[in-house]
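Colleague: Any chance you could fold what I've pasted below:
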Amino acid sequence: MTSAKEAIKGTLPFSEGKREASPLSSRGHLYVIAAPSGAGKTSLLQALLQRRPALSFSVSCTTRAPRSHEQDGRDYHFVSRSEFERLIQAGEFIEHADVFGNLYGTRLATVDSTLAEGRDLILEIDWQGANQVRNRLPEAVQIFILPPSRAELEARLRKRATDSPKAIVRRLAESVGEMSHWREFDFVVVNRDFDQALAELEAIFDGRGQASRQDRPGLAELVNQLLNPAV
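Modeller: Predicted coordinates:
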């Protein structure tokens, strides 16, 4: 969610081969994962956490109302807008953002305490929050997940049946702006096939993610199609 910017140290897992802990520090590593709604980010992270139970997942605070299947403290910490704004003023968040009229944020204390225990931590946040973390913690590994096409993105949003038709239209429109920030991330995973995308995530966490680097050949062309469907 001591200053994490000053305290977090470690080796970024960009090189080939199994990542090894820094001999100078036993602190954990921070992974930031963002994606437009409907890209499959949450399902991928759930599968990743099942395979790697030692990973920690940061539970964000939000002002939005819980959905029927969500539990306070497990999915989010649901707080009032006044309480959220109080936490902002107190400097409690490492990042926070307004997403579709609701506030979301990660507690700095959550991040710092988890990493201090030597555990790797995942932040599932949007591009705005990722940018704030990038400015404060440039050591964090940043991963962006993309859908394979605009049509597939829309199909996934409709299939999950958690949003109204109006909200789906809004999310599709917002996705263009969200996906336009893909170059700001270290790695980009295209969720074309679930098992393959999960394998790519695991490779990144193991320090074998070269094939998923954002500067790899061919990725810019795919993103151009996502951002400009008429191209």
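
Colleague: Show me where the protein has its helices.
Modeller: For the chain, helices defined by DSSP state H occupy the ranges 4-7, 41-51, 81-89, 108-116, 127-136, 150-160, 165-179, 194-205, 219-227.

Colleague: Which one of these lies nearest to residue 67?
Modeller: Nearest of the helices of the chain to residue 67, taken as Cβ to Cβ: helix 150-160 at 10.7 Å. C-beta here means a position set from N, CA and C on the backbone, and glycine is covered the same way.

Colleague: What residues sit buried inside the closest one?
Modeller: 150, 152-154, 156-157 (16 or more other Cβ atoms under 10 Å).

Colleague: elements contacting that helix?
Modeller: Judged by 3 or more Cβ pairs under 8 Å, 6 or more residues apart in numbering; DSSP states H and E, helix 150-160 is in contact with helix 165-179.

Colleague: How about the contacts made by residue 222?
Modeller: Under the criterion of Cβ atoms under 8 Å, 6 or more residues apart in numbering, the neighbours of residue 222 are 146, 148, 190.

Colleague: and the residue nearest the centre of the chain, what are its bridge partners?
Modeller: Nearest to the geometric centre of the chain sits residue 33, at 2.1 Å (Cα atoms, centre = their mean). Beta-bridge pairing for residue 33 (DSSP bridges): residue 124, residue 143.

Colleague: Need the pLDDT of it.
Modeller: Note on residue 33: pLDDT of 97.

Colleague: I'd say it and residue 123 touch.
Modeller: Yes: at 7.0 Å, residue 33 and residue 123 qualify as touching, with contact defined as Cβ atoms under 8 Å.

Colleague: low-scoring stretches of this protein, by residue?
Modeller: 1-25, 161, 230-231 (pLDDT under 70).
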